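# Could you work out the structure for the sequence below:
(chains A, B, C and D)
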Amino acid sequence: MRKKEMIAMLLAGGQGSRLGILTKNMAKPAVTFGGKYRIIDFPLSNCINSGIDTVGVLTQYQPLRLNQHIGIGIPWDLDRKTGGVTVLSPHIKGEQGAWYSGTSNAIYQNMDFVDAYNPEYVLILSGDHIYKMDYAKMLEYHKKNQCDATIAVLEIPIEEANQFGIMNTNQEDRIIEFEEKPPNPKSNLASMGIYIFTWSVLKQALIEDNRHNDSSDFGKHIIPSMLEDEKRLFAYRFRDYWKDVGTIESYWKANMELTKTLPEFNLYEDFWKIYTNSDHQPPQYIAEEADVQTTTLSEGCEVYGTVYNSVLGPGVLIEQGAFVRDSIIMANTIVKQGARVERCIVDEECVIGREVVMGEGENIPNQARSKVYDCGITVLGDNTTIPDQVWIGKNCVLNGETKYEDYPEGRLESGQSIILEGVKK
Amino acid sequence: MRKKEMIAMLLAGGQGSRLGILTKNMAKPAVTFGGKYRIIDFPLSNCINSGIDTVGVLTQYQPLRLNQHIGIGIPWDLDRKTGGVTVLSPHIKGEQGAWYSGTSNAIYQNMDFVDAYNPEYVLILSGDHIYKMDYAKMLEYHKKNQCDATIAVLEIPIEEANQFGIMNTNQEDRIIEFEEKPPNPKSNLASMGIYIFTWSVLKQALIEDNRHNDSSDFGKHIIPSMLEDEKRLFAYRFRDYWKDVGTIESYWKANMELTKTLPEFNLYEDFWKIYTNSDHQPPQYIAEEADVQTTTLSEGCEVYGTVYNSVLGPGVLIEQGAFVRDSIIMANTIVKQGARVERCIVDEECVIGREVVMGEGENIPNQARSKVYDCGITVLGDNTTIPDQVWIGKNCVLNGETKYEDYPEGRLESGQSIILEGVKK
Amino acid sequence: MRALGIILAGGKSERLKDLTDHRAIAAMPVGSCYRAIDFSLSNMANSGVSKVAVITQYNSRSLLDHLSSAKWWDFGRKQGGLFIFTPFLSNDNAFWYRGTADSIYQNLTFLKRSNEPYVIITSGDHVYKMDYNKILEYHKQKEADITIVCKNMRDGDVSNYGVVELDEEGRMKEFEEKPLDPQSSTISVGIYVIQRTLLIKLLEEIMPEGRYDIVKDIIIRYRRKLKTYAYMFDGYWSNINNVQSYYQTNMDFLDREVRGLLLKQAPYIATKAKDEPPAKYNVGACAKGSLIGSGCILNGCIEHSVLFRKVFTGENSHIRGSIIMEGSYVGNNCVIENAILDKEVVVSDGKQIIGTKENPIILKKGTVV
Amino acid sequence: MRALGIILAGGKSERLKDLTDHRAIAAMPVGSCYRAIDFSLSNMANSGVSKVAVITQYNSRSLLDHLSSAKWWDFGRKQGGLFIFTPFLSNDNAFWYRGTADSIYQNLTFLKRSNEPYVIITSGDHVYKMDYNKILEYHKQKEADITIVCKNMRDGDVSNYGVVELDEEGRMKEFEEKPLDPQSSTISVGIYVIQRTLLIKLLEEIMPEGRYDIVKDIIIRYRRKLKTYAYMFDGYWSNINNVQSYYQTNMDFLDREVRGLLLKQAPYIATKAKDEPPAKYNVGACAKGSLIGSGCILNGCIEHSVLFRKVFTGENSHIRGSIIMEGSYVGNNCVIENAILDKEVVVSDGKQIIGTKENPIILKKGTVV
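Numbers count the residues shown, from 1 in each chain, chains lettered A, B, ... in the order given. Sure thing, here's the model as predicted:
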């Protein structure tokens, strides 16, 4: 087997519960972004663009969608004879099976996989963030400084530093201390959860740590114990776009930002393409009577109505007289004639009935989950049907094939939810 | 997504404990056969040769070796954009995770996967048998008889029928009764564990059955309940080579049979090739002083000694003066100068020291596991090292980097074992 | 599978002018994101034909690039595959293909080594969707030697096609290429089904006589000796053979029905993945009755046009009734009407390019105006 | 990656006689299971060169088949890939390649569209193992314009090679093709490293002058204008250019050291997967000092020979010092000495085929004796 200098291990296990109904049936890395992409496309594309052709994707929560999306890695050129992309689920070893109980525990359970490629370095990624990064440059930095571990960090406003894992470094950016959410931060260098380890050092640390911890975590256990052992850990400063889209509001904002004339995050660069599995969607068609502005539109959309300031996924149909503004509409959803959708997130395969009005009224936080849905955005889970002519307020959550009878007097007031069980997937 | 008429679900979960040390680190379907193949190659090759290009492999026990072997399916032409081969491990769904608790339970847990291809028929296979079979013909039979399920059966000697699942049929081979290991068998049609189901019928049955059984099994639950519901189940008679290699003796015999001039099982047919993942092994070299007869030899072997009546895997080195007879030597093993190996099974990556003698002496069953090792065959697990000049008897089991000190007076008597922990993999 | 496929993609057409200067007709961009050959290839794959040969000659580079991986159409490597045959030099052969039949004859080993009973021959420059299994069924049911797919053009002009006369049973009586005085409105669309062994036999018969054309030297010449039946096809079918038909075929995609039939209904047409981001409509963008490719950035107005991938249009620009291919750039305040802009054309600010529907202006690949 | 690769596989050689009747030299079977080009391709892949063009012309079919999937060498499609360039017809081009430089020039867009700083040019008919990164390092360290890989042949005959004279620093002073009176024992093995932009410039300079050859029109002609350095290579290297060298190269694999170097040590040489079963030695089989391919069934004696895949040898047959290619059949009681049996040759019972080491008998593909 050909030896690989560096392979990547992508932690795609996160449930992302603050994304509410959007992660009901899938892990956070499988959530769509920018219309046609899924979040995991960004680290995967970064890998192949950085010349890394071997990626292990660690997953255990609802992996079907992710498995289907990744397939054998064709869209990312990761369908390789040696290496390529491999989805690693928990498995029975010896007598018993074990779920992944922490970030570094997941790597510990897959040491055999890593060893099979006999790499010198291992890149640890998470599948939760939107960014473009050349990991080859980070590896150069790692080698130049003869590091045992290199941690990518972001310079954040010092007043937010108490919400992050903070690296305290000396002048040459060698890490001398790591503090998880420090009340009195000494530095503004926040860990991005992107690590390069010299594999022999990490392997040692994982084996060692497994003796003490059942649920071993990079931030909580591995990094601190390496610092204790006076290993060479360096901070690698990243100064480009990097976004955690972990809440409904941040997710919505990051999408909306793409529709600007000059968005901060540029998807249109030829030399750093983001790849995705886009099936065989036909081209998009904009009808005579349509009006589309400040909008990002994916393949296979057909627009007969009006769309402003929105992000549409592949295969969306906006019928005549429908009006969509400030919204994210995901793949294959239909917005029927005369419907009005404002400030909504509509997941895949939904149907919004004729003359429905969504996203109006008062901004009352969701009654059931006020921390998740509180920014005036109404969210529809996948495969939701909204009957004709109902009125839906703000911060509502809907899922399932709802009927007109489900709406008292044809209305769902702000902050209310309708979540039906037994939704087909 | 393109609709598939029939997809295959391959149950590769079996631990195969009667194969002893051979399945210590891997599931039975990953065990090698005929030198260069692994058992799972046979059903996988049958699939692509029958025109089935979508296969789900269900596995949970030690899947690493199997995963590495299958990769993305390149050797079987199963690296497809739509379909191809997918390894399906257990996963967390909703709140909890669940291991596969029975054959049909494993299918139940992966109904989403099947539904994604919207097939009319599902072929259920096991990864435990050596055979060539055109599943397309079985499907024709299924369609012709408008079956709900078709079960492949073998006509066995009636006196052995009490060890099998037996199908009692009417004149047109419609199954009227199924008996698991009947004391007084009424028929000699044994189930081969190969089923074609009309998917809509099976899906219904799985959902129904899951209400009552936590660990649902095809033979114990699904087939009997379908018969009760008067579904159309037919027996499909298979009359070609079919071998369960589930014990050390049957495994050894089936391999030895391949070395005959005209073996019953023909690997040399061009129109029904068996594909396998064979890496990049160089050609085999037979030295001036070598003597090789009645032997099956894989790529990359180098033979300087004598080999009679044996099956050698890829990359095996037989040094000068070494003598191998009636043995199975798996990939990359080295038999050093002057060693004598008779009636042994030597797993991958072993080293047999100089002038070692193995497989002589009395035929005493193994003391620790007399039911597994009782046919005079000595077995070495993978990555075993035998020091120079020791003597090893029959029915011995060895694993690990053994030292001369491990052998009292340089001898391991028949029926004894040396199994060292912490073997590198 | 019961049949193997041959896609003839060798042709060049003077009538496509500059557009085929650097590409084979089969590689002509169609419908915002496809190449012409995608339709035949997808028809093959969707009909379950797993072994397909593409025979190409003129400007084969453009096709080879498009076909560099069989992945996109999901052809395999072992039980089938996508085979691409270009002419080659050898000791006893230094000819370019001398005709459609010759191009198959020069690759006769491909036919001889196969064991599928039937061969489906089609052309890489047709836009249509067809289940070849139905033709095979018809072929077997009629016990035909050759089945040719035909279409009734009704009142359309057929003088540019091969016109066939049929008896009541559908058997071909006469076949005339580009007749001055057409005797029927039924044309052959250039799709044939024939037994593999018969095709080999016919090719070996006609080659020594210096005959190299499928239509002239097999279909017409053997019309009385062989049982040739016509399978009538009634769906959308278009043949790209001149600028006008190329223009019209693209505009046809603006019709909801044609688009639905060809693109929106399963089975789908596959093409090489190109990995463009979504299209972006900025403030002031105004698209009406148009197809827009991925990765386009629109600031101006687009009406009744087909835009391919990565087209940029500047503010206050007006594009009407035009085809704009991949990577072209239209500056601010431009007017483009009834034009075909090949790939990577640059139209600088304020320029006007105005043709007519009957005679669209063509700007060659890479032109800077 | 810092370099892209070009493998010249266009050549044909009269001196390989019937063996290249139906195949390119680069497609010559070597060492029981390889094709000659596998060595260059694997060197590229193993050196991390992910974008490789194979330029081929004569009998390209045999190569296209071998290279039909880039999978076996693990080239990708997006950041790199395996590109195969055959000659093609277009409006302004209907030439076969007129020389090595011309064959690259006709594919100049490939060079222009790439952004790797260096180009490694090699040939498809050489058998060797090399880490091209070392040459790149040398090239940069010397600040060379061109680096040519050279080998000291010591006492060997060099009159058939390009012979170079170097100064103490390794810079090339003179280069003479097949000299009558060689001035040194150092030869060029036909592997070059050059900056991509310089190569483009040179090609555009020499083409209008009607110069088409890399060695004659670039290396030699520009020897005083450019800084050309020699990288000395000391490993096994063999060039298949006539029957004798083809025979010898295969026999070299019987040497444990050569085999160890080329085949047994990582990085490995990859080839197209063929899916044969293991070889089978029946009672009475007797193989000595030989390479045996997968799927062979042996009943007779084989000494000092190289057998490719799926060869059958009958009882009491004796094969010595011979090369037997894929699918050949040797009956009972035959004697074959110093012969080269091409693919699918059938030798019936009792036949004797005896050549000499200096002049092995060649049986053409498919011959039945």
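# Could you use CA atoms for every contact and neighbour count after this?
Will do.
# Quick one: name the residues of chain C near chain A.
C:31-33, C:254, C:263-264, C:268-271, C:273, C:275-295, C:303 (Cα under 8 Å from any Cα of the partner chain).
# Show me just the buried residues among those.
C:31-33, C:254, C:263-264, C:268-271, C:273, C:275-295, C:303 (16 or more other Cα atoms under 10 Å in any protein chain shown).
# from these, which ones fall inside strands?
C:279-281, C:286-288, C:290-292, C:303 (DSSP state E).
# just checking: which of these also lie near chain B?
Answer for those near chain B: none qualify (Cα under 8 Å from any Cα).
# Tabulate those (JSON lines), appending distance to chain D and pLDDT.
JSON lines is the format used below for those (distance: Cα to the nearest Cα, whole Å; pLDDT from 0 to 100):
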{"residue": "C:279", "distance to chain D": "21", "pLDDT": "94"}
{"residue": "C:280", "distance to chain D": "24", "pLDDT": "94"}
{"residue": "C:281", "distance to chain D": "28", "pLDDT": "95"}
{"residue": "C:286", "distance to chain D": "34", "pLDDT": "92"}
{"residue": "C:287", "distance to chain D": "32", "pLDDT": "93"}
{"residue": "C:288", "distance to chain D": "34", "pLDDT": "94"}
{"residue": "C:290", "distance to chain D": "30", "pLDDT": "96"}
{"residue": "C:291", "distance to chain D": "27", "pLDDT": "96"}
{"residue": "C:292", "distance to chain D": "24", "pLDDT": "96"}
{"residue": "C:303", "distance to chain D": "33", "pLDDT": "95"}
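# Which of those sits closest to residue A:336?
The closest of those to residue A:336 turns out to be residue C:288 (Cα to Cα; 19.2 Å).
# Surely that closest one is in contact with residue A:293?
No. Look at residue C:288 against residue A:293 with Cα atoms under 8 Å: they stay out of range, at 12.0 Å.
# What count of nearby residues applies to residue 313?
In the absence of a named chain, chain A is used. 27 (other Cα atoms under 10 Å in any protein chain shown).
# ah, no, chain C please
If we define neighbours as other Cα under 10 Å, then residue C:313 has 25 of them.
# Contact partners for it?
By Cα atoms under 8 Å, 6 or more residues apart in numbering or on different chains, the residues touching residue C:313 are C:297-300, C:329-332.
# By neighbours, which of those wins?
Within the contacts of residue C:313, residue C:330 tops the neighbour count with 30 neighbours, counted by other Cα under 10 Å.
# Tell me what that one is bridged to.
Counting by DSSP bridges, residue C:330 is bridged to residue C:313, residue C:347.
# residue contacts, it?
Residue C:330 sits next to C:311-314, C:317, C:346-349 when contact means Cα under 8 Å, 6+ apart.
# Just flag the most distant two among these.
In the contacts of residue C:330, two members sit farther apart than any others by Cα to Cα. They are C:311 and C:349, at 15.0 Å.
# Would you mind telling me which of the two has more residues around it?
Per other Cα under 10 Å, whichever of residue C:311 and residue C:349 has more neighbours is residue C:311, with 24 against 16.
# Wait, that one touches residue C:325, no?
Yes. Checked against Cα under 8 Å, the pair residue C:311 and residue C:325 is within contact range at 7.3 Å.
# Find the residue closest to residue 128 in space, skipping its chain neighbours.
Picking chain A for this. residue A:29 (5.6 Å; Cα to Cα, 6 or more residues apart in numbering or on different chains).
# Sorry, I should have been clearer: chain C.
residue C:237 (4.7 Å).
# give the contact list for the one you found.
Residue C:237 neighbours (Cα under 8 Å, 6+ apart): C:126-129.
# ok, those vs chain B, which is closest?
residue C:129 (15.1 Å; Cα to the nearest Cα).
# Quick one: neighbours of the closest one, just the number.
Neighbour count for residue C:129, taken as other Cα under 10 Å: 21.
# pull the longest strand from the chain.
The chain I'm using is chain A. Assigned via DSSP E, chain A shows its longest strand as strand A:189-198.
# wrong one, I was asking about chain C
For chain C, the longest strand by residue count, based on DSSP E, is strand C:186-195.
# how about that strand: buried residues?
Across strand C:186-195, burial judged by 16+ other Cα under 10 Å covers C:186-195.
# Same check on stretch A:224-244?
Neighbour count says stretch A:224-244 has A:224-226, A:231-238 buried, by 16+ other Cα under 10 Å.
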